[in-house]
Structure formats: structure tokens, C-alpha cells
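Engineer: Task: produce atomic coordinates for the following.
(one chain, ligands or ions: 3)
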Amino acid sequence: TASSTLAVIPGDGIGPEVTAEALKVLEVASPVRFESTRYDLGAERYLATGEVLPDSVLAEIRGHDAILLGAVGGKPNDPNLPPGILERGLLLRLRFELDHYVNLRPSRLLPGSASPLAEPGDIDFVVVREGTEGPYTGNGGALRVGTPAEVATEVSVNTAYGVERVVRDAFARAAKRPRKKLTLVHKTNVLVNAGSLWWRLFEEVAAEFPDVTTDYMHIDAAMIFMATDPARFDVIVTDNLFGDIITDLAAAITGGIGLAASGNVNPDRTAPSMFEPVHGSAPDIAGQQKADPTAAILSGALLLDHLGHPEAAARIEAAVLADLSERAPGAGRRTSEVGDAIAARL
Ligand code: NAD
Ligand code: IPM
Ligand code: MN
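Structural biologist: Ligands and ions are numbered 1, 2, ... in the order given. This next block holds a predicted model:
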């Protein structure tokens, strides 16, 4: 039978706990066999060896069909683990090196999941977050650190090449959805250099997609509507940092961070795409089987869809939907129990 190769990076905190459940569900749902290779990257390896992502390991990972990642990030304020070491050196390095320029973050209010909004409406949008540029590139620095004259900069990098390709991808996704609506979210009134580049390319590419209705919102106002009328959104395209922030709020209004899945997609397929929950390593609940593995499981569905198995992805979504509708509020099932219940439905 056919098989695919999977690089698995469970990572830190709740990462290994939720990844185990995602693999459990993938195993029963997938029409192909997965040959998985586990990579012990993360805080433990760094603290033991000083290694974050050796070039040889990156080269190996590159050879797989897809990557499944749990979460990275150690315990807060660990003096041996400077902030950003793993986030930048492992997670962002993978996104950049493997050219994951589409950070795909769907947000749907599934029946059975509770929104904190009184009248959430029919929430079903997808954020296309740029994944390789913006303020994330490490372009900046710190001068005279620790003195009253300290200066710190993080310069947002926006290239015509990078903006155009993600905007075009977002238009193509919007064109395939029933409402065919694309909202650009930025801050063109203040970030005028990047803003005018994004706006111009958005308008240019829009001409190629006459069926897609376009809209623009400043990031601050977009957050008003995200909290008061999120059903208005269909596809949102935005830069790396805005997209990071929007998608945690999007998770919160659609049942919580434990349900939010994501794909770091290389649409040109020049390297494997990487699938991971939107959430982090949650050190506050790590190692206790308290984490909800649903986000990781749904990320597995995105992975299957990307590898050309949309029916299997839909089966996982249906199993999650059924499980959600039977979840008793406050019933603290263990991480593995949630995974078992979803796998059993398949
Ligand atoms: P976080 O997402 O880890 O946690 C925020 C809150 O959400 C916590 O209270 C946590 O308990 C809760 N939570 C998260 N996932 C959950 C789940 N599956 N089920 C139930 N509750 C869940 O964000 P943070 O606390 O800001 O970051 C912790 C670490 O994770 C940091 O080191 C950060 O850099 C890293 N991080 C990594 C990723 C990633 O790997 N993609 C994403 C975000 C943060
Ligand atoms: C996410 C995370 C990462 C990001 C961090 C850990 C680098 O918050 O995947 O949303 O900002 O992209
Ligand atoms: Mn985030």
C-alpha cells in the first residue's frame, strides 16, 4: 500500500501529549500508511546539548512529505533558556527555511463548542497569515543594552515578492469559498511604507479575481468586528504579526485555543509543509494530561488534506464535531481520553 513520510516534532510542554493523540487519530483515519520519524528537538535537547536545529537535522526533515509539530517553548523565565532561542531558532527557522509563506489558520464555530460571545453568529473564516516576513525576520538589534540610552528595534520586512505571493494565495482561497470575500487587515494609516506595498499589491491582484469581493480594515478596527460581528469575515489576509494576534482572538471566540489548528503551508511544494496547533507549550498545564488535543488532531486533518486526502480530513472533522457535541461542559477528560474518543469514532 501507499505510504507517506512524516517528520514528527513533539517539542515541549503539552506538545508531546497532544501530538501523541494527533498521531493516534491520523493512524486510524489516513488512507495511507505513515512512516514517521521522531525528532527530539526542543528545550530538553537544547539544555542538554546546546543544539536547537542542527543543519543536518533540518536537511533530514526536508526530505519528508510533511511535518507534524506539537509546540515549542520552555518554562517561562528559565535562566538557562533565553527567550526566543527555541521560538526563533527552531519554529521560525523551519517556517523560513521551508518557505511556509502561507500560515493557514481556519476559524469555525463548530456546533457543540462554546463561544464566550453572547451572539457569535455563524463564524467561519480563515486567516491567511504571511509566514516568512514582517517583524519576525530578526531584522533589528539592540544598542547600549542595559543603559538609559538603550535602543531596540525590530524592523518589519515586507518584500513585493513576499506580499504578492501570499495575497495571491488568499485570493485563490477566497475564490473557492461560497462567499468569495477577502479582507485585507493592516495598519496603512501608520505603517505607511509596508501599508502602501500591501494595499497596492492587494488592489493589483484583485483585478485577476473579479469574482472576489474585497474589503480593507485597519487592524484595530478589525478587532472590534472580531469581537462584535465575526460572522462578517470570510478570508482575511494579513502580515505575520497581525496574523499571530488575530488568530489567538479567533481561537478564543470559537471555543478556545484548545481547538485552533494551523498549517504552515508551502503552496509551491518546494519543501514539506508543517502542521501544528495555534497554541503553545502551555507550561502551566504541561505533563498533567489536561491539554485539549483537538487542535493538534484538527491540524492532522489539515495535513491529510494537504497531502491529497480530503475525504480522510473530512472524516476527522466529522469525528471531532461529533465529539464536541457530546462534550459535557467542565467534564475534565484526560488528553488521551479525548484522543481515544475521537479515534474510536473513526
Ligand atoms: P500558550 O498557548 O502555550 O498558553 C496560553 C494559555 O492557553 C495557557 O493558559 C494554556 O494552559 C492554555 N492552553 C494552550 N493550549 C491548550 C490546550 N491544548 N488545551 C487547554 N489549554 C491550553 O501560550 P503562552 O503561555 O503564551 O506560551 C507558552 C510557550 O509556548 C512560550 O514559550 C511560547 O513562546 C510558546 N509558544 C509556542 C507556539 C508554537 O509552538 N507554535 C505557539 C505559541 C506559544
Ligand atoms: C504561533 C506562535 C509563534 C508565532 C511563536 C512561538 C514564534 O505564537 O505559532 O502563533 O508567533 O508565530
Ligand atoms: Mn501565536
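
Engineer: and the stretch 51-200 of the chain, which residues reach ligand 1?
Structural biologist: Contact residues, the stretch 51-200 of the chain versus ligand 1 (CB under 6 Å from any ligand atom): 71, 72, 73, 87, 91. Just so you know, the C-beta spots here come from the backbone N, C-alpha and C atoms, and that holds for glycine as well.

Engineer: and the two most separated of those?
Structural biologist: The most widely separated members of these, counting by CB to CB, are 71 and 87 (10.3 Å).

Engineer: Is there a neighbour count for residue 229? I'd like the number.
Structural biologist: Residues near residue 229, counting by other CB atoms under 10 Å, number 14.

Engineer: other SSEs contacting the lengthiest strand in the chain?
Structural biologist: Criterion DSSP state E: the longest strand present in the chain is strand 3-11. In terms of contacts (3 or more CB pairs under 8 Å, 6 or more residues apart in numbering; DSSP states H and E), strand 3-11 is packed against helix 15-29, strand 33-38, helix 55-62, strand 66-71.

Engineer: Of the ones you listed, which is nearest ligand 2?
Structural biologist: strand 66-71 (8.1 Å; CB to the nearest ligand atom).

Engineer: Just say helix, strand or coil for whichever residue of the stretch 51-200 of the chain sits closest to ligand 1.
Structural biologist: Minimum separation of the stretch 51-200 of the chain from ligand 1 (CB to the nearest ligand atom) falls at residue 73, amounting to 2.2 Å. Counting by DSSP: H, G, I helix; E, B strand; the rest coil, the backbone at residue 73 sits in coil.

Engineer: wait, doesn't it sit right on residue 280?
Structural biologist: Yes: contact criterion CB atoms under 8 Å: residue 73 and residue 280 qualify, at 5.2 Å.

Engineer: Between the two, tell me which one has more neighbours.
Structural biologist: residue 73 (23 against 20).

Engineer: Skipping adjacent residues, who's closest to that one in space?
Structural biologist: Using CB to CB, 6 or more residues apart in numbering and skipping residues adjacent in sequence, the residue nearest residue 73 is residue 281, 4.3 Å away.

Engineer: Neighbour count: residue 71 and residue 87, which is higher?
Structural biologist: Using other CB under 10 Å, the more surrounded residue of residue 71 and residue 87 is residue 71, with 30 against 15.

Engineer: Pull the contacting residues for that one.
Structural biologist: If a contact means CB atoms under 8 Å, 6 or more residues apart in numbering, then residue 71 has 11, 12, 13, 14, 15, 18, 276, 277, 279, 280, 281, 282 as its contacts.

Engineer: rewinding a little: can you verify the residue nearest to residue 73 is assigned to a helix?
Structural biologist: No: applying three-state DSSP, one finds residue 281 to be coil, outside a helix.

Engineer: what number of residues lie near it?
Structural biologist: The number of residues packed around residue 281, counting by other CB under 10 Å, is 25.

Engineer: residues contacting the residue of the stretch 101-250 of the chain found nearest ligand 2?
Structural biologist: For the stretch 101-250 of the chain and ligand 2, the shortest gap (CB to the nearest ligand atom) falls at residue 244, measuring 4.2 Å. Counting by CB under 8 Å, 6+ apart, residue 244 touches residue 129.

Engineer: gap between it and residue 155?
Structural biologist: Using CB to CB, to the nearest Å, residue 244 is found at 17 Å from residue 155.

Engineer: again with residue 63
Structural biologist: 34 Å.

Engineer: Tell me the secondary structure at residue 327.
Structural biologist: coil.

Engineer: Now for it, how many residues are close by?
Structural biologist: Neighbours of residue 327 using other CB under 10 Å come to 17.

Engineer: Kindly report the residues of the stretch 151-300 of the chain close to ligand 2.
Structural biologist: For the stretch 151-300 of the chain, the residues in contact with ligand 2 (CB under 6 Å from any ligand atom) are 244, 278, 280.

Engineer: And for the closest residue to the second one other than its chain neighbours, the neighbour number?
Structural biologist: Here the nearest residue to residue 278 in space, its sequence neighbours aside, is residue 260; by CB to CB, 6+ apart that works out to 3.9 Å. By other CB under 10 Å, 24 other residues sit near residue 260.

Engineer: Please apply the same query to residue 2.
Structural biologist: Neighbours of residue 2 under the rule other CB under 10 Å: 6.

Engineer: likewise residue 328?
Structural biologist: Neighbours of residue 328 using other CB under 10 Å come to 7.

Engineer: Doesn't residue 185 lie inside a strand?
Structural biologist: Yes: according to three-state DSSP, residue 185 belongs to a strand.

Engineer: tell me, how many neighbours does it end up with?
Structural biologist: Neighbours of residue 185 under the rule other CB under 10 Å: 25.

Engineer: Residue 195 versus that one, what's the distance?
Structural biologist: Applying CB to CB, one obtains 11 Å for the distance of residue 185 from residue 195.

Engineer: Name the SS class of the residue nearest the centre of the chain, please.
Structural biologist: The centroid of the chain falls nearest to residue 262 when counting by CA atoms, centre = their mean (3.3 Å). Following three-state DSSP, residue 262 is assigned to strand.

Engineer: any idea how far it is from residue 248?
Structural biologist: Here residue 262 is placed at a distance of 11 Å from residue 248 (CB to CB).

Engineer: which neighbours do the two share?
Structural biologist: residue 278.

Engineer: In this structure residue 94 contacts residue 274, no?
Structural biologist: Yes: at 6.0 Å, residue 94 and residue 274 qualify as touching, with contact defined as CB under 8 Å.
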